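**Q** The sequence and its predicted three-dimensional model are supplied below.
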Amino acid sequence: MYLIDTCVIPPDDFREGGAERQLYQLASSLNPEGFRPIVVQLSSNSSLPVTTGNLGTLELFHFPTRRLYGLDGLRQLSRLLSLAKNKRVDIVHTFFEKSEVMGWLTARLSKIPIWITSRRDLGFKRKKIYDRIFRLTAKDCKKCVANCYAVKDQVVQQNNLASEKVEVIYNGLDLSGYQEPFDDKSFRRKLVIENGTPLVGMIANFNFEIKGHVYFLGAAKKILEKVPNVKFVLVGDGPLRPRYEEVAQELNLNNNVYFLGKRADVPTIISNLDVSVLSSTNEGFSNVILESMAAGKPVVATNVGGSKEMVADGVTGYLIPPADPSAMAMAIINLLNNPDEAKVMGAAGNKIVKEKFTIEAMVKSYERLYKSLVAKCNDNR
């Protein structure tokens with residue numbers, strides 16, 4: 001039984017949600033001969049892709065939980081206990097904070113032997129109350145799955161969890177969207193950008209300042225002083241977007257920066273870039289870096305979180321200090337001025353993704369983990 005605070009997101013749904021998309025890929029790809037996955041979505045939002053029923057091969061349930069305490073929380077906990085009993089659940093695997101608490105209670109009250117929790121980022125959104133709760137419940141947790149070693153290190157330090165209890169399983173990327181040829185001319189024609197014009201881009205929501213848009217724009221200003229014909233695209237949306245549009249105006253970047261909003265054609269956009277950028281000051285494991293590498297594009301990324309576990313500095317791109325637009329500009333200019341080197345780096349990144357970061361590799365790692373925990377429980381009976 002998977003529990004998630006939000007909902008699962010299938011590949012053809014282009015709303016934001018890295019963990020939600022990863023969960024769908026995982027649950028729907030498990031070997032049906034060994035596993036019966038069900039997903040319970042705790043989101044209080046009724047506009048989910050599927051609330052209750054089947055999404056492909058996946059069985060979904062919607063138990064909207066606004067609050068953990070009070071009648072609402074008790075009612076949904078009762079439903080979870082009933083579902084766990086009816087489905088004869090052996091493993092509870094939780095994603096995010098509410099599901100962590102509800103999953104722990106479900107496992108404990110139903111005597112389900114295995115509870116696994118997850119960490120998907122460096123915890124900048126995680127409320128302190130949940131860390132305090134987890135310190136009390138951690139003894140019941142069989143494993144905590146982190147999606148990179150940077151996240152693991154933080155969990156071990158902040159939650160006082162033994163290192164051997166934290167398992168690193170990297171995100172997997174569906175490579176199918178990066179195997180087909182792309183029509184560069186049509187994309188550039190819509191933006192009125194001539195073929196051959198250098199194109200630098202970043203895919204990131206405008207929900208949090210940690211995405212570092214201000215540093216990207218600062219770097220763009222410096223790049224244009226050296227390479228005046230460069231164009232820049234920003235893909236994503238959120239409440240901070242108007243502010244950064246104003247910053248672009250203040251820096252006189254209007255004719256060179258395109259704010260594209262949310263897009264359903266991200267693979268096409270990335271494949272048109274000469275350089276893909278991650279400017280975050282705090283990041284767990286960026287799926288955009290994986291997507292850029294899969295598209296054969298060199299990456300300039302801030303050296304935060306799990307970036308160094310994907311980007312080999314000087315091999316598949318460049319790692320730069322966070323909040324440093326000068327360093328970012330220098331790295332991008334170097335790639336634009338050395339297109340052959342950039343192409344070699346992009347090819348190296350593509351090779352690494354195919355070797356280490358596929359859906360198949362991720363699913364096999366989870367299957368091994370689940371089987372090992374079940375075997376250990378059986379041995380202890």
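**A** Okay, I see it. Numbers count the residues shown, from 1 in each chain.
**Q** give the contact list for the closest residue to Gly346 other than its chain neighbours.
**A** For Gly346, ignoring the flanking residues on the chain, the nearest one in space by Cβ to Cβ, 6 or more residues apart in numbering is Gly296 at 4.0 Å. The way it works is simple: take the backbone N, C-alpha and C, and place the C-beta from them, glycine included. Listed by Cβ atoms under 8 Å, 6 or more residues apart in numbering, the contact set of Gly296 reads Ser271, Lys343, Gly346, Ala347, Gly349, Asn350.
**Q** May I ask which of these has the most neighbours?
**A** Gly349 (27 neighbours; other Cβ atoms under 10 Å).
**Q** The stretch 251-381 of the chain: strands as residue ranges?
**A** Counting by DSSP state E, counting those that start in this stretch, one finds strands in the stretch 251-381 of the chain at the ranges 257-261, 275-278, 299-302, 317-320.
**Q** Could you export the last one as PDB, CA atoms only?
**A** The C-alpha coordinates for strand 317-320 follow below in PDB (Å, rounded to 0.1, in the frame of the first residue of the first chain):
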ATOM      1  CA  GLY A 317      28.600  19.800 -17.800                       C
ATOM      2  CA  TYR A 318      29.700  22.200 -15.100                       C
ATOM      3  CA  LEU A 319      29.000  22.400 -11.400                       C
ATOM      4  CA  ILE A 320      29.000  26.000 -10.100                       C
END
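**Q** other SSEs contacting that strand?
**A** Using 3 or more Cβ pairs under 8 Å, 6 or more residues apart in numbering; DSSP states H and E, the elements in contact with strand 317-320 are strand 299-302, helix 325-337.
**Q** Show residues contacting the longest one.
**A** Going back to what we said before, that points to helix 325-337. Helix 325-337 has contacts (Cβ under 8 Å, 6+ apart) with 198, 200, 215-216, 218-223, 226-227, 230, 274-275, 277, 279, 298, 300, 302, 317-318, 320-321, 341-342, 345.
**Q** count of residues packed around Tyr149?
**A** Neighbours of Tyr149 under the rule other Cβ under 10 Å: 16.
**Q** Same check on the one 3 residues further on?
**A** Counted with other Cβ under 10 Å, the burial measure for Lys152 works out to 21 neighbours.
**Q** For the residue nearest to it when sequence neighbours are not counted, give the beta-bridge partners.
**A** The shortest distance from Lys152 to any residue other than its chain neighbours is 4.0 Å, reached at Ala146 (Cβ to Cβ, 6+ apart). With DSSP bridges applied, Ala146 shows beta-bridge pairing to Arg119, Val168.
**Q** Show the contacting residues for Asp274.
**A** Pro198, Leu199, Val200, Lys297, Leu335, Leu336, Pro339, Ala342.
**Q** Look at it and report its pLDDT.
**A** Note for Asp274: predicted pLDDT of 96.
**Q** For Cys141, which residues are in contact?
**A** With contact set as Cβ under 8 Å, 6+ apart, Cys141 has these partners: Trp104, Trp115, Ile116, Thr117, Leu161, Lys165.
**Q** Are we agreed that the second one is in a helix?
**A** Pointing back at Trp115 there. No: under DSSP: H, G, I helix; E, B strand; the rest coil, Trp115 sits outside any helix and is assigned strand.
**Q** Test my guess that it contacts Thr94.
**A** Yes: look at Trp115 against Thr94 with Cβ atoms under 8 Å: they come within range, at 7.3 Å.
**Q** For the lowest-mean-pLDDT helix or strand in the chain, which residues meet the burial criterion?
**A** Lowest by mean pLDDT, DSSP states H and E among the helices and strands of the chain is helix 184-191, with a mean of 82. Residues of helix 184-191 classed as buried: Phe187, Arg188 (neighbour count, 16 or more other Cβ atoms under 10 Å).
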